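**Q** Let me see the structure of the following:
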Amino acid sequence: MAKKNKDTCLSCNEARRRNDVRSCRILIVVAGEIWLSPCACLKAFAFDQRFERKDAHDLIYCIEHAPDGLDSAAAAFREAAAGKHGAVIRESLLILRRRFTSEPDLEGYRKDGPVAVATFERGEGTEPELREARLLRQREVSGLVERLLALIG
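**A** Below you'll find the predicted structure:
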């Protein structure tokens, strides 16, 4: 059950229009309490459950545009993972690892997360330049998530 506070919270789309990702927060009621969660965690769950390309794009957008950079985003995730609702945060990080990062037998850029982001942003065309642009974006996205997870530890 999601609840949005119009005075202090913006949807991710509205925050993007205002170029204010710091306001990209959603209030959720968890066990009777209001819990403030980064948009990135919600988008990780949404992508994992719905497999909508836009969810993957929004997730990466939130990470790429973290107000104080990737180090700050990692610190926020570490702090939240140690908090009362840490299990939810840790599960969203497992989704990121599973959907976006390399494994011994599969490079991360080939996974469905980076492919979804690149296809959403660059389109599905078959022209060589477009295919190359998608591959480059896939590698950027996978690398970004791998760096974030490494910083989180």
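**Q** Check the secondary structure at Gly125 for me.
**A** coil (DSSP: H, G, I helix; E, B strand; the rest coil).
**Q** oh, and call the first residue 800 from now on, that's how I've got it
**A** Got it, first residue is 800 now, which makes that one Gly924.
**Q** who's in contact with it?
**A** Arg930 (Cβ atoms under 8 Å, 6 or more residues apart in numbering). Yep, even glycine has a C-beta here, placed from its N, CA and C like the rest.
**Q** and Leu869, how far is that from Glu906?
**A** According to Cβ to Cβ, to the nearest Å, Leu869 stands 21 Å off from Glu906.
**Q** who has more neighbours, the two?
**A** Neighbour count, other Cβ atoms under 10 Å: between Leu869 and Glu906, Leu869 has more, with 16 against 13.
**Q** Can you tell me the element that one falls in?
**A** Assigned by DSSP states H and E, Leu869 belongs to helix 868-880.
**Q** chain center to whatever helix or strand comes next after that helix: distance?
**A** Once the chain leaves helix 868-880, the next helix or strand it forms, by DSSP H and E, is helix 885-899. Mean-position distance between helix 885-899 and its chain equals 10 Å (Cα atoms, centre = their mean, to the nearest Å).
**Q** right, and the helix or strand after helix 885-899?
**A** helix 911-921.
**Q** Remind me what that next one packs against, helices and strands.
**A** helix 852-863, helix 885-899, helix 927-951 (3 or more Cβ pairs under 8 Å, 6 or more residues apart in numbering; DSSP states H and E).
**Q** residues making contact with it?
**A** Contacts of helix 911-921 (Cβ under 8 Å, 6+ apart): 846, 850-856, 858-859, 895, 898-899, 907, 929, 932-934, 936-938, 940-941, 944.
**Q** In PyMOL, select just the buried ones from those residues.
**A** The buried residues among those can be selected in PyMOL (16 or more other Cβ atoms under 10 Å) with this line:
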select buried, resi 846+852+853+854+855+856+858+859+895+898+899+907+932+933+934+936+937+938+940+941+944
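**Q** if we can go back for a sec, who wins for proximity to Ala874 among the helices and strands packed on helix 911-921?
**A** The closest of the helices and strands packed on helix 911-921 to Ala874 is helix 927-951. By Cβ to Cβ, the value is 8.1 Å.
**Q** Noted, bye for now.
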